[in-house]
Structure formats: structure tokens, C-alpha cells
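[1] Got a predicted structure plus its sequence, pasted below:
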Amino acid sequence: MMASYGHGTRRYPRSRGRTGSRWGSPLFERSRELGGGPDRATLGIVGLICAIAGFFALGIILGPVAVACGWLAMGRSWAGSRPLPAVVALVLGAIDTLLAIVLLAGPGNGLL
């Protein structure tokens, strides 16, 4: 019998699907001890700082960094609740990147 549509997991209680293990995995415990990386609030604030700093210097680098941090802080999804620093970082990073591209491809380069 296949384990689709909720029929196969009734007989096998240890196959829990995407909910994870009941007993912590050693890798998960180790990642918790090491910190596990930045959380969403930290990524939102870092993205916001990068977006604001990108308007003054290195916009071509800090803009995409702000977009990436904002997107990761939003949980890589548009659905659900979105923290304000993450949305602001995403929007300002996109504006920052576009301005940097426009300034790089300015009228002196003969592209138009």
C-alpha cells in the first residue's frame, strides 16, 4: 500500500511525513548549539541597513544583498504575515539596485 493521501501512515507511526522526528536529530541539536544562523528579525534588520547604506555607497552590491536578506526574512514567501523591516529592505534594495544599474549605464556610456 502506498503512503499517499494519509492512508499509509496509520500503520507506521514513525513515518511522520514532513513534521520531522519526534526525537531530535544529532545534526539538529548540533546546529542549535552553534546558533543555527541568523533568525528572520536579524536578517530583516541587516537587509534594512544594507539598503540604506546602498544609497550612499556600493549600491550595486548592497542592493542585491538587501533584497536577498529581505526575501529570506520574509520566509521566502509572499503569503502570511510579513515583518515590516523585511518588506522595507526588499523594496529599498530593489530601488537601490535599479538606481545603481541606471547610473552605471548612464548617458556617457553610449548605450542609448
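    Thanks, I have the structure now.
[2] shaky segments in the protein?
    1-36, 108-112 (pLDDT under 70).
[3] Where do the helices of it begin and end?
    26-34, 40-54, 59-73, 84-104 (DSSP state H).
[4] For the third one, which helices and strands make contact with it?
    Put plainly, it is helix 59-73. Helix 59-73 sits against helix 40-54, helix 84-104, with contacts defined as 3 or more CB pairs under 8 Å, 6 or more residues apart in numbering; DSSP states H and E. Heads up, the C-betas are built off the backbone N, CA and C, glycines and all.
[5] and the nearest residue to Thr97 once chain neighbours are set aside, how far is that from Gly93?
    Of all residues not flanking Thr97 in the chain, Gly63 sits nearest, at 3.4 Å (CB to CB, 6 or more residues apart in numbering). The gap separating Gly63 from Gly93 is 5 Å, by CB to CB, to the nearest Å.
[6] okay, and the common contacts of those two?
    Counting by CB atoms under 8 Å, 6 or more residues apart in numbering, the shared contacts of Gly63 and Gly93 are 50-51, 54.
[7] Comparing Gly63 and Gly93, which residue is more hemmed in?
    Using other CB atoms under 10 Å, the more surrounded residue of Gly63 and Gly93 is Gly93, with 27 against 24.
[8] With adjacent residues omitted, what lies nearest to that one?
    Excluding the flanking residues, the one nearest Gly93 by CB to CB, 6+ apart is Ala66, at 3.0 Å.
[9] neighbours around the one you found, how many?
    30.
[10] Next, the contact list for the closest residue to Leu84 other than its chain neighbours, please.
    Spatial nearest neighbour of Leu84, chain neighbours left out: Gly44 (7.9 Å); criterion: CB to CB, 6+ apart. Residues in contact with Gly44 (CB under 8 Å, 6+ apart) are 69-70, 73, 83-86, 89.
[11] Out of those, which two sit at the greatest distance?
    Cys69 and Leu84 (13.9 Å; CB to CB).
[12] if I look at Ala72, how far off is Val102?
    No, residue 72 isn't Ala; it's Leu. Distance, Leu72 to Val102, by CB to CB: 26 Å.
[13] more neighbours, the two?
    Neighbour comparison, Leu72 and Val102: the larger count goes to Leu72, with 19 against 9 (by other CB under 10 Å).
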